[in-house]
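# one predicted model, sequence on top.
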Amino acid sequence: MSRHKNIRNLDPYAELDDFDGEGYDDISESDERRLKEGLTQVRGTLGRAGISATDKEIEESLWYYYFDVSKTVNYILSLHTPAKKPKKRPQSQFTQKDQKGAPTAAQAKAFSEPSPDDIVMAAQSGSKGLNNAKKKTEKPVEKMEAAVQAVAIDNAPVKARKRIDVLEEFKKTKTKENANFVVIGHVDAGKSTLMGRLLYDCGVIDERTIQKFKVEAEKIGKSSFHFAWVLDQTNEERSRGVTMDIATNHFSTASTNFTILDAPGHRDFVPNMIAGASQADFAVLVLDASTGAFESGFQNNGQTREHTLLARAIGVSRIIVAVNKLDAVNWNHDRYIEITQQMGHFLSNAGFSSNSLSFVPCSGLTGANIVHDARDKLPWYSGPTLLQTLESSKPRSRAINSPLRITISDVFRGGIQNPVSVSGRIEAGSLQIADALLTLPSRESATAKDIEINEQSSEWAVAGHNVTLHLSGIDIIHLKPGDVICSPDSPIVPLNCFDLKILSFETITPMLVGIHRGRLNASGRVISLLESMDKATGKTLKKKPRHIAPGMLARIRVEVTLGAGIPVEKGNKLVLRLGGKTVAAGVVE
Ligand SMILES: Nc1nc2c(ncn2[C@@H]2O[C@H](COP(=O)(O)OP(=O)(O)OP(=O)(O)O)[C@@H](O)[C@H]2O)c(=O)[nH]1
């Protein structure tokens, strides 16, 4: 099911498969629940309009529209109503419609986003729902469509633009640094536990919550996972004990606001790790020091290597290596030395300079050397704690003066006031409330109605900030994770075909590939191998080689095979994958 590539991806080509209607075997419990709830709601609404559709039809549409009941109803109505001249999309916001007497408030509510609250409220006030239902049975289908569309676009007046000189404001502010780091490493290295412990010791999570997680974890036989649960938020992640999507958490020190991007270790979820790493200033690589575990993570099919190489290829140049679970080897100094030597060698071969590497011995489970030092356990270590090391890692310089670029990592409805909201990192440029925006590849216009940084409303934001934007003047249907928001004055021109300078991980021939950039996933094809190059000098070794062997530097041409081009531009870093494996990483030329 294509929509779930972010948490389920595996093979990019399998992702293109349509829903097969054979049950929900490969979707998460929560999605399965949303699908069932959506089915009931859509069926109810269609029933009241006298339309019958198959379950499969409804489920496929719900899936496609991210469980959006209104869009699903709209789509199915369009399938089942006789063809008529397409109507102009209503431009006015819902309240204006109401004044004209078309849809009522009850109708708009009936078609709005089925948030968990809506679902609970609908269940709790069944009789109210029935009353509304009766009213709607009498409405013609056209009016229902209008009602659906009226809530699809938020055209509420946006606050007046304040003409803030954002760059000046930014210079004046003595705000803390913002640093994003991605946590990478082999499955079960203890990434989530380590970060849960960090949040707990920094006071972000209170004792009661940890105790609650402890009791709940014990109930399902996963007692040692309580710290990991701070980050692994879905039921499925908890019951499987595996991180699937990127968990984002924040904590602050006196100098820095940190955002943790906890990437999944399991090889099935590498695209999520790519999405995390592409937003990061630096990486924390977690190694399991216990006997045999470090070695298995480091082997060819372990994620220690793959994650590290990917992070490097995506542009992460600083890495903090947390040599974790030292409690499991009795805080053995020799084991620590053995691991740091092997990793140091590997990391410098992978292109990390020695001054951008730090090694920190620790144990996430016991909390040793995370926020508090552990001289009793680690008498042989006199270096900084993990937190001190994080604080001394400066974020990348910001491209504040460049044109605006925000890669969307999530699209959601921020409630009835904010029906279209997105979150993502500002990669370049700046913006302020009421700025005109352009979304790509849909080429739709929108306006920044509100900006939030770390869940606080803000008049402006600059490159490096992770923002939530509430948009107006755009239908949510035009947005998806991986899309780009830019300024209409200097937009990206989506590309169908581009040259990439790559580092190959597998043999490359003219072949199908999945193209990944952050949350962006597209299917493509390597259409020609332009040249292989010398890794040290960058000089051409061979023009038009027949194949490119693993570990080579090369220039290739890639074509997007589905859809209308992807929003990438010169200098963007992309990853190519095939059959669940990363085959190359490279830079658009
Ligand atoms: N002895 C010991 N066990 C640990 C430590 N940290 C984590 N563990 C255990 O290792 C297992 C995996 O921990 P997680 O934190 O879920 O590992 P992860 O790397 O986040 O796993 P994925 O998200 O699935 O990649 C759990 O049983 C933890 O309790 C540690 O410092 N010492």
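Sure, I can see it. Numbers count the residues shown, from 1 in each chain.

# what about the helices in the stretch 151-300 of the chain?
If DSSP state H, counting those that start in this stretch is used as the criterion, the helices of the stretch 151-300 of the chain fall at 166-172, 191-201, 207-219, 235-240, 270-277, 293-298.

# I'd like those helices laid out as CSV, including mean neighbour count.
C-beta here means a position set from N, CA and C on the backbone, and glycine is covered the same way. Putting the helices of the stretch 151-300 of the chain into CSV (neighbours: other C-beta atoms under 10 Å) gives the following:
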stretch, mean neighbour count
helix 166-172, 13
helix 191-201, 26
helix 207-219, 14
helix 235-240, 16
helix 270-277, 28
helix 293-298, 19
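
# residue contacts, the residue nearest to residue 364 when sequence neighbours are not counted?
Excluding the flanking residues, the one nearest residue 364 by C-beta to C-beta, 6 or more residues apart in numbering is residue 194, at 3.4 Å. Residues counted as contacts of residue 194 (C-beta atoms under 8 Å, 6 or more residues apart in numbering) are 183, 227, 284, 286, 322, 324, 362, 364, 370, 386.

# apply 7 Å and report the result again.
Going by C-beta atoms under 7 Å, 6 or more residues apart in numbering, residue 194 touches 286, 322, 324, 364, 370.

# who wins on neighbours among those residues?
residue 324 (32 neighbours; other C-beta atoms under 10 Å).

# how close does that one get to the ligand?
Distance, residue 324 to the ligand, using C-beta to the nearest ligand atom, to the nearest Å: 5 Å.

# of all the helices of the stretch 151-300 of the chain, which one comes closest to the ligand?
Evaluated with C-beta to the nearest ligand atom, these place helix 191-201 nearest to the ligand, the distance being 3.3 Å.

# quick check: mean pLDDT across that closest one?
Averaging pLDDT along helix 191-201 gives 88.

# now the angle between helix 207-219 and that helix, please.
Counting by axes from the mean of the first three to the mean of the last three C-alpha atoms, to 10 degrees, helix 191-201 lies at 150 degrees to helix 207-219.

# off-centre distance for helix 191-201?
Relative to the mean C-alpha coordinate of its chain, helix 191-201 is positioned 20 Å out (C-alpha atoms, centre = their mean, to the nearest Å).

# was I right to think residue 411 contacts residue 424?
No - counting by C-beta atoms under 7 Å, residue 411 stays clear of residue 424, with 9.4 Å between them.

# filter the contacts of residue 194 down to just the ones in strands.
286, 322, 324 (DSSP state E).

# dump those to JSON lines, plus distance to residue 36.
Below are the ones in strands among the contacts of residue 194 laid out as JSON lines (distance: C-beta to C-beta, whole Å):
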{"residue": "286", "distance to residue 36": "37"}
{"residue": "322", "distance to residue 36": "41"}
{"residue": "324", "distance to residue 36": "40"}
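
# ok, of these, which one's closest to residue 478?
residue 286 (38.1 Å; C-beta to C-beta).

# show me the contacts for that closest one.
Counting by C-beta under 7 Å, 6+ apart, residue 286 makes contact with 183, 185, 189-191, 194, 322, 324.

# that one - nearest residue in space that isn't next to it in sequence?
Nearest residue to residue 286, sequence neighbours excluded (C-beta to C-beta, 6+ apart): residue 185, at 3.8 Å.

# now do the end-to-end distance for stretch 575-588.
Stretch 575-588 has an end-to-end distance of 10 Å (C-alpha to C-alpha, to the nearest Å).

# what do you get for stretch 47-55?
13 Å.

# one more: stretch 202-211?
16 Å.

# anything in it near the ligand?
No - Stretch 202-211 lies out of reach of the ligand by C-beta under 6 Å from any ligand atom, never closer than 13.3 Å.

# the closest residue to residue 511 other than its chain neighbours and the ligand, how far apart?
Distances taken as C-beta to C-beta, 6+ apart put residue 526 closest to residue 511, at 5.4 Å, once the chain neighbours are dropped. Taking C-beta to the nearest ligand atom as the measure, residue 526 falls 30 Å from the ligand.

# my guess is residue 526 contacts residue 513, does it?
Yes - contact between residue 526 and residue 513 holds when scored by C-beta under 7 Å: they sit 5.9 Å apart.

# just give me the residue closest to the centre of the protein.
With distances taken as C-alpha atoms, centre = their mean, the residue of the chain nearest its centroid is residue 409 (4.2 Å).

# where in the stretch 301-450 of the chain is pLDDT low?
301, 314, 396-397, 415-416 (pLDDT under 70).
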